[in-house]
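A.B. asks: structure, please.
(one chain, ligands or ions: 2)
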Amino acid sequence: MKTYPVTETADVVIIGSGAGGAPLAARLAQAGKRVIVLEAGPHFNASDYTPDEIEARELYWLNERLSGGINPQAFGGNNSGTGVGGSLLHYGAFMPRPDPRDMMLHTETGMSVDWPFQYNELLPYIEKVEAFIGVSGPEHYPWDPTRHYHYAPPPANSAALKMRDGCDALGIRHADGPTALITHTIDQPHFGTREACVNCGACHQGCRNGAKSTPDNTWLPLAVAHGAEIRADCVVHTLETDQRGHITGVVYRHKGRDIRQNCDQLVLSAGAVETARLLLHNGLANRSGQVGENYMTHISTQAWGVFDEDLRPNRGYPSLTITEDMMRPKDADFAGGYLIQSLGMMPVTWGSLVARGTTRRGPELARTLAQYNRSAGLGIHGDCIPNPNNRVVLSDEKDALGIPKPLITHSYGPNELAMHAHASKLLTSLWQAAGAKDIRILDRAAHMIGTARMGTNADQAVVSPYGQSFDIPNLWISDHSTFPSATAANPALAIMALSLRTADAMLRQ
Ligand SMILES: Cc1cc2nc3c(=O)[nH]c(=O)nc-3n(C[C@H](O)[C@H](O)[C@H](O)COP(=O)(O)OP(=O)(O)OC[C@H]3O[C@@H](n4cnc5c(N)ncnc54)[C@H](O)[C@@H]3O)c2cc1C
Ligand code: SF4
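C.D. replies: Ligands and ions are numbered 1, 2, ... in the order given. Okay, here's the model as predicted:
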């Protein structure tokens, strides 16, 4: 890897090496820019990963976040990661495309906000991402016959097969979901061999053989091959500006020392909580007053049922079966929609989810936990309406670097509550139809979205439709924080597509 002296001004510094930062790093480096990526977490070696859920905690962002509101969100492993590759190192690799209607929900329903551009502008970038990183999917996708996946799906695990039974009984269409993993071995340019998925089920503990498509086996090797430098274990805390208010550089903490790195352009890709926190802490780019505002999640209601036979939910790719039939249900009393996916899960994650999500305690909880091997899950990802009461602010407590810890307020509004109720009923019916007993609904929210929304009006948005700050022309944001509304689809694909789009905009200037 090429390295740059810290005394040299970089063309571009990118804070964060995940879904938002990595594609852009590769694209800009390919175009000849001197790119430095500053990543708070370490560089992991994939061959060191084990399926052990306790060891996998090294992949999680565990710095304390304070959580409030009526539906306080659980952080830690459930919602973000750290390390060279970001949260994608331990994501589930479920990779549906966003529904075009979700980007125009305000026009459709009068609720939420429209995105500042339509889906057809994002589609070419989505196709580029899928082709480059490797996404598997079915030959015919029932909800979009035009699309084509480059790899065949992995085998279905027991939860995926049970969901198919439930869907067939209720007349709901289903398919193998798009998954960001490869099912035949390839030579990934600038990385080397990526082995085919062996269906081990340990995606959330890090994929040992490179089958799961992550920045450290796709975008980042490409970036490095074109001269980008990735500095791990570097926590940025200060963004510096000149008298005009333009960014001049950043200061980061590395091995106990503060180091200044100057740059011509700065990209924030630290994720929806840390990006907002850095801007608020440094008092920057907030003329609109929107930094930290409109924090969103995906409604992620789950239903777990117990079957007569052993299902071994730890085995196989966890989330293969999908239905998008509920993207606009006919009987909906809410705006937007949700997709449903099947769920397998590792035992410690499942046990803590059950303990947190139900009121069962003592012998009743022990009896429930003992049913692990016969359990299978269904989960939704549902759209979330931006709400000015949900936000990230700086709390009164400080972290080890003396920076205020973030306080995240999160409450469902009427639309989210109606969607949760609809999904709870349907998931229960699906599991009943598949033969499950002892069905439990878990009310949960996933992903961290919003806080630096994009838009066309500088009074109402933090960045332009291309991710450029309205206040500071050499500051860009490329991560989950720019989404004006959540959209129902799992987010990584759209974040990566937007990242390439922002890179193109930067190169045009
Ligand atoms: C358990 C789990 C499962 C998921 N499953 C799926 C899935 O199946 N499909 C899907 O589409 N999405 C999934 N997601 C969501 C997806 O992973 C995230 O939405 C996405 O990775 C967010 O990308 P990002 O670039 O916004 O942030 P991140 O990927 O979190 O990247 C931010 C990076 O910035 C670094 N950073 C933060 N602050 C600083 C600082 N001050 N200085 C330097 N570096 C900093 C962090 O260490 C991190 O590496 C999952 C997420 C989790 C946690
Ligand atoms: S199931 Fe496949 S993609 Fe997931 S960790 Fe195992 S080999 Fe990797």
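A.B. asks: ok, N314 - contacts?
C.D. replies: G201, G344, M345, M346, P347 (C-beta atoms under 8 Å, 6 or more residues apart in numbering). From N, CA and C alone the C-beta is placed, and that goes for glycine too.
A.B. asks: with only the CA atoms kept, save the least confident helix or strand in the chain by mean pLDDT in PDB.
C.D. replies: For the chain, using mean pLDDT, DSSP states H and E, the weakest element among its helices and strands is helix 347-357, scoring a mean of 89. The C-alpha trace of helix 347-357 is given here as PDB (Å, rounded to 0.1, in the frame of the first residue of the first chain):
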ATOM      1  CA  PRO A 347     -27.700 -19.000  19.700                       C
ATOM      2  CA  VAL A 348     -26.300 -16.200  21.800                       C
ATOM      3  CA  THR A 349     -27.800 -13.500  19.600                       C
ATOM      4  CA  TRP A 350     -31.100 -15.300  19.600                       C
ATOM      5  CA  GLY A 351     -31.100 -15.800  23.400                       C
ATOM      6  CA  SER A 352     -30.400 -12.100  24.100                       C
ATOM      7  CA  LEU A 353     -33.000 -11.100  21.500                       C
ATOM      8  CA  VAL A 354     -35.600 -13.300  23.200                       C
ATOM      9  CA  ALA A 355     -34.700 -12.200  26.700                       C
ATOM     10  CA  ARG A 356     -34.900  -8.500  25.700                       C
ATOM     11  CA  GLY A 357     -37.900  -8.800  23.500                       C
END
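A.B. asks: now what about whichever helix or strand comes after that helix, what contacts it?
C.D. replies: Downstream of helix 347-357, the first helix or strand assigned by DSSP states H and E is helix 362-369. With C-beta under 8 Å, 6+ apart as the test, helix 362-369 has contacts from G351, V354, A355, T358, R360, D438, R440.
A.B. asks: in helix 362-369, what's buried?
C.D. replies: Buried residues in helix 362-369, counted by 16 or more other C-beta atoms under 10 Å: T368.
A.B. asks: any idea how far it is from the middle of the chain?
C.D. replies: From the chain centre to the centre of helix 362-369 is a distance of 32 Å (C-alpha atoms, centre = their mean, to the nearest Å).
A.B. asks: what angle separates it from helix 347-357?
C.D. replies: 140 degrees (axes from the mean of the first three to the mean of the last three C-alpha atoms, to 10 degrees).
A.B. asks: I'd like the next helix or strand past helix 362-369.
C.D. replies: Next element after helix 362-369 (DSSP H and E): strand 375-382.
A.B. asks: restrict the contacts of N314 to contacts with ligand 2.
C.D. replies: Contacts with ligand 2 within the contacts of N314, as defined by C-beta under 6 Å from any ligand atom: G201.
A.B. asks: out of the contacts of helix 362-369, who has the most neighbours?
C.D. replies: V354 (21 neighbours; other C-beta atoms under 10 Å).
A.B. asks: hmm, I441 and that residue touching each other?
C.D. replies: No. Using C-beta atoms under 8 Å, V354 is not in contact with I441, being 11.5 Å away.
A.B. asks: what's downstream of the helix or strand T428 falls within, the next helix or strand?
C.D. replies: Using DSSP H and E, T428 falls within helix 414-434. Downstream of helix 414-434, the next assigned helix or strand under DSSP H and E is strand 437-442.
A.B. asks: partner strands of that next one, with direction?
C.D. replies: In the sheet, strand 437-442 lines up against strand 302-306 (antiparallel) (DSSP bridges).
A.B. asks: tell me the angle the strand it pairs with makes with strand 375-382.
C.D. replies: Using the same axes, to 10 degrees: strand 302-306 against strand 375-382 is 170 degrees.
A.B. asks: pull out the buried residues from strand 302-306.
C.D. replies: Buried-residue list, strand 302-306, by 16+ other C-beta under 10 Å: Q302, A303, W304, G305, V306.
A.B. asks: ok, what's across the strand from the fourth one?
C.D. replies: So that's G305. Bridge pairing for G305 - DSSP bridges - gives A376.
A.B. asks: make 9 the first number, not 1, from now on.
C.D. replies: Got it, the first residue is 9 from now on, which makes the last one we talked about G313.
A.B. asks: surely T187 is in contact with I141?
C.D. replies: No. Judged on C-beta under 8 Å, T187 makes no contact with I141 at a distance of 11.2 Å.
A.B. asks: how near is whichever residue of the stretch 359-508 of the chain sits closest to ligand 2 to H455?
C.D. replies: Of all residues in the stretch 359-508 of the chain, A500 sits closest to ligand 2, at 13.9 Å by C-beta to the nearest ligand atom. Note on A500: its distance to H455, by C-beta to C-beta, to the nearest Å, is 9 Å.
A.B. asks: who has more neighbours out of the two?
C.D. replies: Applying other C-beta under 10 Å to A500 and H455 shows that A500 carries more neighbours, namely 26 against 23.
A.B. asks: who are the neighbours in contact with the closest residue to that one other than its chain neighbours?
C.D. replies: Spatial nearest neighbour of A500, chain neighbours left out: A27 (4.9 Å); criterion: C-beta to C-beta, 6 or more residues apart in numbering. For A27, the contact set (C-beta under 8 Å, 6+ apart) comprises G94, S95, L96, P223, D487, H488, P499, A500, I503, M504, S507.
A.B. asks: likewise for G324?
C.D. replies: G324 neighbours (C-beta under 8 Å, 6+ apart): P162, P163, A164, N165, S166, A168, N207, G209, G352.
A.B. asks: same thing with R239?
C.D. replies: Applying C-beta under 8 Å, 6+ apart to R239 gives the contacts I44, V45, L46, E47, H262.
A.B. asks: taking the residues you listed one by one, which sit in strands?
C.D. replies: I44, V45, L46, H262 (DSSP state E).
A.B. asks: could you flag which of those residues are buried?
C.D. replies: Buried among the ones in strands among the contacts of R239 by 16+ other C-beta under 10 Å: I44, V45, L46.
A.B. asks: closest one to ligand 2 out of those, please.
C.D. replies: Nearest member of those to ligand 2, counting by C-beta to the nearest ligand atom, is V45, at 24.2 Å.
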